[in-house]
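Participant: Build me a model from this:
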Amino acid sequence: MKTNTFLALSVLILIWSCKPAVEEIVDLDVQNWIYGSENCNENIDPPIQVVKYNSTTWILRQNKCTNYEAPFMFLFLGKEKALLMDTGATEEADIFPLYTTVKEIIDDWSEKNGKVELVVAHTHKHGDHYAADGQFKGKPNTMVVGLEVEDLKKTFNIANWPEEIVDFDLGDRIMNIIPIPGHQASSIAIYDPITKILLTGDSFYPGRLYVKDWGAFKQSIQRLVEFTTKNEISYILGNHIEMTRTAGVDYPMETMYQPEEHPLPLSIDQLNELAMALTALGDTPTREVHDSFIIYPID
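Facilitator: So this is what the prediction gives:
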């Protein structure tokens, strides 16, 4: 009984009743992210870490003590639309208040810049990236994009999936939508020409790169490589951190405490490293450990 009471109190501590505490980013390569606790009953970090990259770009991370996946989410603001990429791994708003957190940011923005429509999209169709969709569905001035390839083709006007890269205008802010199936059939990458940030979802991040469709994944990574040869890249950001700071060593699955995490950003050189490794492995799905990621085929 004491344990249950203490857990309930801990959950209450996690829940915000006011505006989120905002951190200002200096350098994403050295940004400190909340990384869980050895004992989550004693964790006092907010359920969502809110980091302001600049006045129109925000990075959010889910607390590992609410879900071990601790996914990152990204919010981009334009003059007409705001684009939220992913909604995290927890459905319940009382544990994971994503809608209210995002609404606070957008409301503050709108006071100075005018109202914008919120578009909620996803890097891919896995549960830890759309669990909180229900918090947004039916809300005013909000559209939640579907999770299937056909939904993406319709919303973003992609005629030739997956080869075609298209623009999505937020209002004086054009985002590039890049199909990258392989990890999952409806995986996409997002490029923001203003910040030069390239989002790669679960297809490329410091962790276990789970590959469902080997051939499609190889082609998608090559598509990303070709894109980086034609566009300036400041950071390549995935949705998780699973690697430690020790080369080639990952945290065990379902780890809820990661005090020595690898930095979130990966580089173009590391993307090229992945592409060359996939080419060398040929047509046989093969697990292979690299310093900052692990190629990890799944059935």
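Participant: pLDDT-wise, which helix or strand of the chain ranks last?
Facilitator: helix 2-14 (a mean of 40; mean pLDDT, DSSP states H and E).
Participant: I'd assumed I106 was in a helix, is it?
Facilitator: Yes: looking at I106 with DSSP: H, G, I helix; E, B strand; the rest coil, it is inside a helix.
Participant: number of nearby residues for it?
Facilitator: Here the number of neighbours of I106 (other CB atoms under 10 Å) works out to 22. In short, each C-beta sits where N, CA and C put it, glycine included.
Participant: And stretch 248-256, end to end?
Facilitator: Length of stretch 248-256, first residue to last, CA to CA, to the nearest Å: 19 Å.
Participant: Provide a list of residues in contact with the residue positioned nearest the centre of the chain.
Facilitator: Closest residue to the average C-alpha location of the chain: N239 at 3.4 Å, with CA atoms, centre = their mean. Taking CB atoms under 8 Å, 6 or more residues apart in numbering, we find N239 in contact with P71, F72, D86, T123, H129, G201, D202, Y205.
Participant: Start from the N-terminal end of the stretch 101-250 of the chain and give the strands.
Facilitator: Here the stretch 101-250 of the chain has its strands, by DSSP state E, counting those that start in this stretch, at 117-121, 142-144, 166-169, 174-179, 188-192, 197-201, 208-211, 235-238.
Participant: any weak-confidence spans in the chain?
Facilitator: Counting by pLDDT under 70, the ranges of the chain that qualify are 1-20, 26.
Participant: Which parts of the stretch 101-250 of the chain are helices?
Facilitator: Listed in chain order, the helices of the stretch 101-250 of the chain (DSSP state H, counting those that start in this stretch) span 149-156, 214-230.
Participant: got a markdown table for those, with distance to I268 and mean neighbour count too?
Facilitator: Formatted as a markdown table, the helices of the stretch 101-250 of the chain follow (distance: least, CB to CB, whole Å; neighbours: other CB atoms under 10 Å):
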| stretch | distance to I268 | mean neighbour count |
| --- | --- | --- |
| helix 149-156 | 25 | 17 |
| helix 214-230 | 5 | 17 |
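Participant: Tabulate the ones you listed (CSV), appending distance to P47.
Facilitator: Below are these laid out as CSV (distance: least, CB to CB, whole Å):
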stretch, distance to P47
helix 149-156, 28
helix 214-230, 32
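Participant: Between those, which one is closest to T255.
Facilitator: helix 214-230 (24.6 Å; CB to CB).
Participant: Can you give me the neighbour number for the closest residue to G134 other than its chain neighbours?
Facilitator: Among residues not flanking G134 along the chain, E91 sits closest, at 6.1 Å (CB to CB, 6 or more residues apart in numbering). By other CB under 10 Å, 16 other residues sit near E91.
Participant: would you say E91 is within a helix?
Facilitator: No: E91 is assigned coil when assessed by three-state DSSP, not a helix.
Participant: ok, it - contacts?
Facilitator: Counted by CB under 8 Å, 6+ apart, E91 has contacts A131, A132, G134, Q135.
Participant: Please name the nearest non-neighbouring residue to the last one.
Facilitator: Translated: Q135. Leaving aside its chain neighbours, Q135 sits nearest to Y99 (3.8 Å; criterion: CB to CB, 6+ apart).
Participant: And what about the one you found, helix, strand or coil?
Facilitator: Here Y99 is recorded as helix under three-state DSSP.
Participant: I figured it was touching L84, is that so?
Facilitator: No: applying CB atoms under 8 Å as the test, Y99 and L84 come out as separate, 9.7 Å apart.
Participant: For E23, find the nearest of the helices of the stretch 101-250 of the chain.
Facilitator: So among these, helix 214-230 is nearest, using CB to CB, at 28.0 Å.
Participant: who's in contact with that closest one?
Facilitator: By CB under 8 Å, 6+ apart, helix 214-230 touches 162-163, 165, 176, 178-183, 187, 189, 191, 198, 200, 203-204, 211, 268, 271-272, 274-275, 278-279, 283, 285, 297.
Participant: Give me the angle between it and strand 197-201.
Facilitator: 180 degrees (axes from the mean of the first three to the mean of the last three CA atoms, to 10 degrees).
Participant: could you list every residue that touches S292?
Facilitator: By CB under 8 Å, 6+ apart, S292 lies in contact with P206, M243, A247, H262, L266, Q270.
Participant: any idea how far D269 is from it?
Facilitator: Per CB to CB, to the nearest Å, S292 is found 10 Å from D269.
Participant: Same check on M256?
Facilitator: Counting by CB to CB - M256 and D269 are separated by 31 Å.
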